[in-house]
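Chemist: fold the following.
(one chain, ligands or ions: 1)
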Amino acid sequence: HEFEDQSQKISQFLQNVGHKIVVMSGKGGVGKSTVATNLAVFLSNQGYQVGLLDVDVHGPSIAGLLGLTGLKLNVIGDRLQPYQYTDNLKVMSIQGLLDQPDEPLIWRGPVKIGIIRQFLADVNWGPLDFLIIDSPPGTGDEPLTVAQTIPGCQAVIVTTPQEIALADVRKSIQFCQKVNLPVLGLIENMSGFVCPDCGSLHAIFKSGGGEKTASEWHIPFLGRLPIDPGVVTAGDAGQAISSLTNHTKEEMQHIVDTMLQ
Ligand code: ADP
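Modeler: The predicted structure follows:
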């Protein structure tokens with residue numbers, strides 16, 4: 001009975017959400033959380049109402065990337081209040097509910113599924129144009145729960161250019177096909193480095209692998225982001241996109257524009 005009640009709350013919330021996008025990756029460390037955060041920030045800067053939901057219960061990093069780690073979430077009545085990052089960007093992460101941010105959570109699948117459903121049912125999101133969901137890497141319980149709980153959800157897959165990352169991307173693509181999660185597109189991150197001294201592009205992890213994989217698997221290629229030390233500075237300082245180079249910002253805007261087409 002409780003489960004059905006919750007399902008009803010989830011579908012009531014989802015009726016007021018325009019686009020639901022889960023950001024996935026085959027591997028950890030390829031920049032999935034960074035891309036999810038940038039997508040949310042860029043879309044909200046364009047005036048859309050955006051919700052950013054971190055369902056990576058074991059390694060939540062969204063709150064850190066946005067400088068929200070110290071904040072505690074409020075509960076009003078039986079509803080959780082998301083972080084109000086800006087007027088039109090709300091953020092929800094398991095991190096806000098933890099007393100000890102560095103303590104590992106030792107939870108099995110059913111508990112994680114329950115938490116994700118609660119993030120959809122009991123959070124005061126309000127109406128959203130976009131719900132961006134950062135899932136943990138791989139094809140485990142979390143992306144599966146998202147796919148099964150959110151009808152109409154689409155996936156953005158983030159990869160780096162080298163073959164070892166692309167091998168796992170092919171698994172992510174097949175996972176999406178198996179669980180009927182349409183792939184909105186692939187993003188190649190850490191795609192070359194623009195030398196600040198001479199301005200030339202160096203393909204540190206090779207480049208072009210993402211685009212080639214997208215074309216082989218008949219999924220859209222949304223664009224590439226360079227290796228940018230500003231991404232690390234911004235992320236470590238919890239300042240989202242402030243220290244990105246103009247080149248990275250342009251590429252990110254291009255990705256958002258391609259996604260909106
Ligand atoms: P994931 O979510 O895939 O595990 P993160 O988004 O947490 O990866 O990124 C891992 C690390 O790589 C972070 O320190 C982040 O700042 C850095 N990073 C991500 N994208 C870039 C980039 N384009 N240029 C430089 N550093 C990056």
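Chemist: near the ligand, which residues of the protein?
Modeler: Contact residues (C-beta under 6 Å from any ligand atom) of the chain with the ligand: 25, 28-34, 61, 189-190, 225, 227-228, 231-232, 235. In short, each C-beta sits where N, CA and C put it, glycine included.
Chemist: mind doing that once more with 5 Å?
Modeler: 28-34, 225, 227-228, 231-232, 235 (C-beta under 5 Å from any ligand atom).
Chemist: can you flag which of these belong to strands?
Modeler: Among the residues of the chain next to the ligand, no member falls in strands (DSSP state E).
Chemist: what's the closest of those to Ile21?
Modeler: When these are ranked by distance to Ile21 (C-beta to C-beta), Lys32 comes first, at 12.3 Å.
Chemist: what's the neighbour count on the closest residue to that closest one other than its chain neighbours?
Modeler: Distance criterion C-beta to C-beta, 6 or more residues apart in numbering; nearest residue to Lys32, sequence neighbours excluded, is Ser25 at 4.1 Å. Per other C-beta atoms under 10 Å, the neighbour tally for Ser25 reads 29.
Chemist: Gly223 now?
Modeler: Neighbour count for Gly223, taken as other C-beta under 10 Å: 22.
Chemist: in terms of secondary structure, what does the helix or strand harbouring it contact?
Modeler: Using DSSP states H and E, the element containing Gly223 is strand 221-224. Secondary-structure packing of strand 221-224 (3 or more C-beta pairs under 8 Å, 6 or more residues apart in numbering; DSSP states H and E): strand 183-188, helix 209-216, helix 246-260.
Chemist: out of the ones you listed, which gets the lowest mean score?
Modeler: Lowest mean pLDDT of the helices and strands packed on strand 221-224: helix 209-216, a mean of 90.
Chemist: can you show me the strands along the stretch 51-200 of the chain?
Modeler: 75-76, 79-80, 83-86, 89-93, 128-134, 154-159, 183-188, 193-194 (DSSP state E, counting those that start in this stretch).
Chemist: list the contacts of Phe194.
Modeler: Just to correct that, residue 194 is Val rather than Phe. Ser200, Leu201, His202, Pro226, Asp228, Thr245, His247 (C-beta atoms under 8 Å, 6 or more residues apart in numbering).
Chemist: go ahead and confirm Gly192 touches Gly209.
Modeler: No: Gly192 lies out of contact with Gly209 (C-beta atoms under 8 Å); the separation is 11.6 Å.
Chemist: which SSE is Asn38 in?
Modeler: Assigned by DSSP H and E, Asn38 falls in helix 32-45.
Chemist: for that helix, which positions count as buried?
Modeler: Neighbour counts using 16 or more other C-beta atoms under 10 Å place 32-44 of helix 32-45 among the buried residues.
Chemist: again with stretch 24-31
Modeler: By 16+ other C-beta under 10 Å, the buried positions in stretch 24-31 come out as Met24, Ser25, Gly26, Lys27, Val30, Gly31.
Chemist: for the third one, grab phi and psi.
Modeler: Taking degrees, to the nearest 10, you get phi -70, psi -40 for the backbone angles of Gly26.
Chemist: who touches it in this structure?
Modeler: Listed by C-beta under 8 Å, 6+ apart, the contact partners of Gly26 are Pro137, Gly138, Ile157, Thr159, Ala165, Leu166, Ala167, Asp168, Val169, Arg170, Lys171, Ser172.
Chemist: neighbours of the closest residue to it other than its chain neighbours, how many?
Modeler: Setting aside the residues directly before and after it, Gly26 is nearest to Asp168 in space (C-beta to C-beta, 6+ apart), at 2.5 Å. When counting by other C-beta under 10 Å, one arrives at 19 neighbours for Asp168.
Chemist: what's the distance between Asp168 and the ligand?
Modeler: From Asp168 across to the ligand, the span is 11 Å (C-beta to the nearest ligand atom, to the nearest Å).
Chemist: am I right that that residue is in contact with Gly28?
Modeler: No: look at Asp168 against Gly28 with C-beta under 8 Å: they stay out of range, at 9.9 Å.
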